[in-house]
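>>> no sequence on this one, just coordinates:
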């Protein structure tokens with residue numbers, strides 16, 4: 001609402017961080033924020049974060065387009081910089097019969 005009411009100067013924005021960026025579809029607030037900033041500012045960056053970017057390429061492409069993403073980095077649990085923060089998983093299969 002602050003952007004819509006021009007309480008914040010768009011020209012002063014240099015970086016916007018979106019967590020849960022996969023939500024940036026349709027008229028979600030993230031999309032509106034980017035549209036508002038684009039009107040007045042050409043020199044800003046977006047950092048978009050998501051642990052669950054989507055399982056269909058169309059959904060991922062929609063987020064990329066809505067947030068004006070020009071480059072992407074993907075990290076998985078086996079990557080060297082992520083591995084220290086991943087804990088051992090113990091999975092048990094339980095079959096339930098009716």
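It's in. Remember, predicted model here, so these are calculated numbers, not experimental data. Residues are numbered from 1 along each chain as shown.
>>> now for the lowest-mean-pLDDT helix or strand in the chain, which elements pack on it?
Each helix and strand of the chain was given a mean pLDDT (mean pLDDT, DSSP states H and E); the minimum falls on helix 29-40 at a mean of 87. In terms of contacts (3 or more CB pairs under 8 Å, 6 or more residues apart in numbering; DSSP states H and E), helix 29-40 is packed against strand 15-18, helix 57-66. Backbone N, C-alpha and C define where each C-beta goes, glycine included.
>>> and the last one, how far from the chain's centre?
Same thing as helix 57-66. For helix 57-66, the separation from the chain centroid amounts to 10 Å (computed by CA atoms, centre = their mean, to the nearest Å).
>>> contacting residues around residue 18?
Taking CB atoms under 8 Å, 6 or more residues apart in numbering, we find residue 18 in contact with 24, 30, 46, 47, 48, 49, 67.
>>> ok so, going back, let's have the helices and strands packed on helix 29-40 in TSV, adding distance to residue 85.
Shown next, in TSV, are the helices and strands packed on helix 29-40 (distance: least, CB to CB, whole Å):
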stretch	distance to residue 85
strand 15-18	20
helix 57-66	24
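>>> Could you tell me the least trusted of the ones you listed?
Among those, helix 57-66 carries the lowest mean pLDDT, at a mean of 90.
>>> Which elements pack onto that one?
Helix 57-66 is packed against helix 29-40, with contacts defined by 3+ CB pairs under 8 Å, 6+ apart.
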